[in-house]
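Student: Show me the folded form of this:
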Amino acid sequence: MRAFFGPLEDDGSIPAHQQTRVSAFLMSAHGALARQLATALPGSVRSGWQVELHSQFCREIEILSLIARATAWVPDPTLPFLFWQWESAWLPHSVEGVTDGEQSFLIDLAAFGHALHSVIRPAALLPEDFPQTDPFALAMRRVEFESVRLMQAQILFLKGPELVPVRDAVAAAVERRHAQVREVWNGMLAGIEIEPSGRHLLVPVVKSAVADGAPTGAAAKAR
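Tutor: Model (predicted):
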């Protein structure tokens, strides 16, 4: 098991099978988030949070397009099974303690987005001093950079005044999504012989950040 991508190919590039597995995972997760955001988008924008929702949807589409174009794809016979496993994990969940169906969906959506953007650090998989000009490396760094920005908007919604009456339910939903994303991400890394470690995870103090409005430590700068 290694801490980073590798061993590198003769030309210094990241092995294509590792690029394929990580990119497939990211496209599954970000694709699921984009679909859920599209479901939540109104026909016309009439409030500030709807503007932010539209912005997040557009950023997710940009992330998906970048990953698809920057990856050296190769056949991976395990992907059909893995996709089924990943897609099942991303399905919306009702939030216990929240009776309003729309509010429950939005809380889980924001919790899923917050987990995806704060837990996963694809740039941390790059070897030390890996070339800045490599397309795949640039894509992984860009995904991580954009995730930090998107996460902040999700935090603002999750600790917003309209969710004060269900604050404990919100914190529990975020913690559950974090644990779920972390487990699936770790399993994917183990499948390509990369040792899951704290370097590849950002574990914010979720409950205090959501319940008390404390700043999260997850907004580390992308490499």
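
Student: Quick check: closest non-adjacent residue to I120.
Tutor: Excluding the flanking residues, the one nearest I120 by C-beta to C-beta, 6 or more residues apart in numbering is W185, at 5.6 Å. Yep, even glycine has a C-beta here, placed from its N, CA and C like the rest.

Student: residues near that neighbour, how many?
Tutor: For W185, the neighbour count with other C-beta atoms under 10 Å is 24.

Student: which SS state does it fall under?
Tutor: Recorded secondary structure, W185: helix (DSSP: H, G, I helix; E, B strand; the rest coil).

Student: could I get stretch 140-149 in CSV with only the CA atoms?
Tutor: Taking C-alpha atoms only, stretch 140-149 is exported to CSV below (Å, rounded to 0.1, in the frame of the first residue of the first chain):
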residue,chain,number,x,y,z
MET,A,140,-7.4,17.1,-9.1
ARG,A,141,-6.1,20.4,-7.7
ARG,A,142,-8.9,22.3,-9.3
VAL,A,143,-11.5,20.0,-8.0
GLU,A,144,-10.1,20.4,-4.5
PHE,A,145,-9.9,24.1,-4.8
GLU,A,146,-13.5,24.4,-6.0
SER,A,147,-14.7,22.1,-3.2
VAL,A,148,-13.4,24.5,-0.6
ARG,A,149,-15.4,27.3,-2.1
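
Student: Now it: buried residues?
Tutor: For stretch 140-149, a neighbour-count test (16 or more other C-beta atoms under 10 Å) marks M140, R141, R142, V143, E144, E146, S147, V148 as buried.

Student: and those, which of them are in helices?
Tutor: Taking DSSP state H as the definition of helices, these contribute M140, R141, R142, V143, E144, E146, S147, V148.

Student: which of those lies closest to S104?
Tutor: Taking C-beta to C-beta as the measure, S104 lies nearest S147 of these, at 24.2 Å.

Student: From T133, how far off is the closest one?
Tutor: Per C-beta to C-beta, to the nearest Å, S147 is found 22 Å from T133.

Student: picking up where we left off before, can you give me the distance of the residue nearest to I120 to G43?
Tutor: Following C-beta to C-beta, the distance that separates W185 from G43 is 35 Å.

Student: L8 too?
Tutor: 49 Å.

Student: before we move on, what about D134?
Tutor: 42 Å.

Student: Those two: who's more crowded?
Tutor: A count of neighbours by other C-beta under 10 Å puts D134 above the other of D134 and G43, at 16 against 5.

Student: wait, isn't the more buried one in contact with E9?
Tutor: No - applying C-beta atoms under 8 Å as the test, D134 and E9 come out as separate, 11.3 Å apart.

Student: Name the nearest residue to the residue nearest in space to the middle of the chain, ignoring sequence neighbours.
Tutor: Centroid check for the chain by C-alpha atoms, centre = their mean gives L116 as the closest residue, at 2.2 Å. Leaving aside its sequence neighbours, L116 sits nearest to A29 (C-beta to C-beta, 6+ apart; 5.4 Å).
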